[in-house]
Structures are given as C-alpha cells and as structure tokens.
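J.: show me how the following folds:
(one chain, ligands or ions: 2)
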Amino acid sequence: MSLSVSLELDYVALPHFEGLALPKYETKGSAGMDVRAAVADDEPLTLEPGDRALVPTGLTFAIPQGYEMQVRPRSGLAFKHGITCLNTPGTIDSDYRGELKVLLINLGKEAFTIQRGERIAQLLLAPVIQGEWRAVSVLPDTSRGEGGFGSTGKS
Ligand SMILES: O=c1ccn([C@H]2C[C@H](O)[C@@H](COP(=O)(O)OP(=O)(O)OP(=O)(O)O)O2)c(=O)[nH]1
Ligand SMILES: [Mg+2]
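T.: Ligands and ions are numbered 1, 2, ... in the order given. Below is the predicted model of the structure:
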C-alpha cells in the first residue's frame, strides 16, 4: 500500500535563477528535492574550513498554510567534504516570501568551492501542527518521570 500526496508550490524565480533547474526529486522515492546554488557563473563561492555562507537559490515561493519546508544537508557533501547546513534542518515558514537561502558551513579540512547549479541541499515538505499552551496544576504521571539525558542507560 502506498500513500502519495503532493502539494502545489507557487514560485517566482528571481533573475539570478535564469537557466537553473527547479529543485527536483532525483529518484521516484526521494523524500527531498535537491536544490541548486544560484551563485554567479563567474563567481563561485569558496568556503574555507570553518567558514559559513548563505547561499542563494534564486527562488521565492509560497508554501500552503499548514505546511513547512525543511532544508536538510546532503550526505554526500557532508561525507566527502564536510559541507553541511549549519542550522539543520532549516525551517521555511509558509508565510515567508523572501529568497530561499541555504546556510552552509565547511566542517572539513579543505576549502570547498560551490559552483553555479551545484546541488547543495535537499528540501522536504512536512505538515505543521501548531500548539496552544494551556496552564494546568499537575501533569499526568509516567514511568519516565523527570528522567532524561541518558537515564535509560546505554544498551
Ligand atoms: O535555512 C534557512 C532558514 C530560514 N530561511 C528563511 C525562511 C524562514 O521562514 C525565515 C526565518 O527562518 P527562522 O525562523 O529559522 O529564522 P529566525 O532567526 O527565527 O528569523 P525570523 O525572526 O525572521 O523568523 O528565513 C531560509 O531561507 N533558509
Ligand atoms: Mg523565526
């Protein structure tokens, strides 16, 4: 059995998106769509070890209310080069209308250069449940109680 849900994403491409492919699911079963760097052709972005940068994607869009987009690192970039998203998972709110930017950091030992069109992160859509705080005098009892931070041991 499979459940297939898709969501329409209205977007406006910025001038520097020209010629780039939209974020896309690379395989039929992909959870995330890979998004590309919209850095200038003649100005690739070099991240020295320890450097971080907001990388433009050239895309603005409207996520339907009740959903969010998560910006997650690509494991290949992380494994091979130590490149990851600093604020992972990045949160794109449904009411955000600015350009999607990806906050990358180089945790590797060597400089890494991001070229225009390179797939730098993946975008996941997810439903959002907003909470409402309600003050009560007592919380329901549990066997865990206040135990946390390793309280159940290692194995
Ligand atoms: O990786 C990211 C994370 C965020 N954003 C944009 C979309 C998001 O809706 C907005 C705010 O993000 P967040 O709430 O994480 O940042 P903040 O520091 O709380 O800023 P704000 O006060 O604007 O909410 O910034 C990005 O483009 N890329
Ligand atoms: Mg915020």
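J.: what parts of the protein come near ligand 1?
T.: 71, 87, 90-93, 96, 100-103 (C-beta under 6 Å from any ligand atom). For glycine as for every other residue, the C-beta is placed from the backbone atoms N, C-alpha and C.
J.: any of these buried? List them.
T.: Neighbour-count burial (16 or more other C-beta atoms under 10 Å) is assigned, among the residues of the chain next to ligand 1, to 71, 90, 92, 100-103.
J.: how close does the residue of the chain found nearest ligand 1 sit to residue 2?
T.: Scanning the chain for the residue nearest ligand 1 gives residue 90, at 2.5 Å (criterion: C-beta to the nearest ligand atom). Note on residue 90: its distance to residue 2, by C-beta to C-beta, to the nearest Å, is 28 Å.
J.: report how many residues lie close to residue 37.
T.: By the criterion of other C-beta atoms under 10 Å, residue 37 has 21 neighbours.
J.: hang on, isn't it packed against residue 112?
T.: No. Counting by C-beta atoms under 8 Å, residue 37 sits too far from residue 112 to count as a contact (11.7 Å).
J.: apart from its neighbours in sequence, what residue is nearest the most centrally placed residue in the chain?
T.: Residue closest to the average C-alpha location in the chain (C-alpha atoms, centre = their mean): residue 71, at 0.5 Å. Nearest residue to residue 71, sequence neighbours excluded (C-beta to C-beta, 6 or more residues apart in numbering): residue 90, at 3.3 Å.
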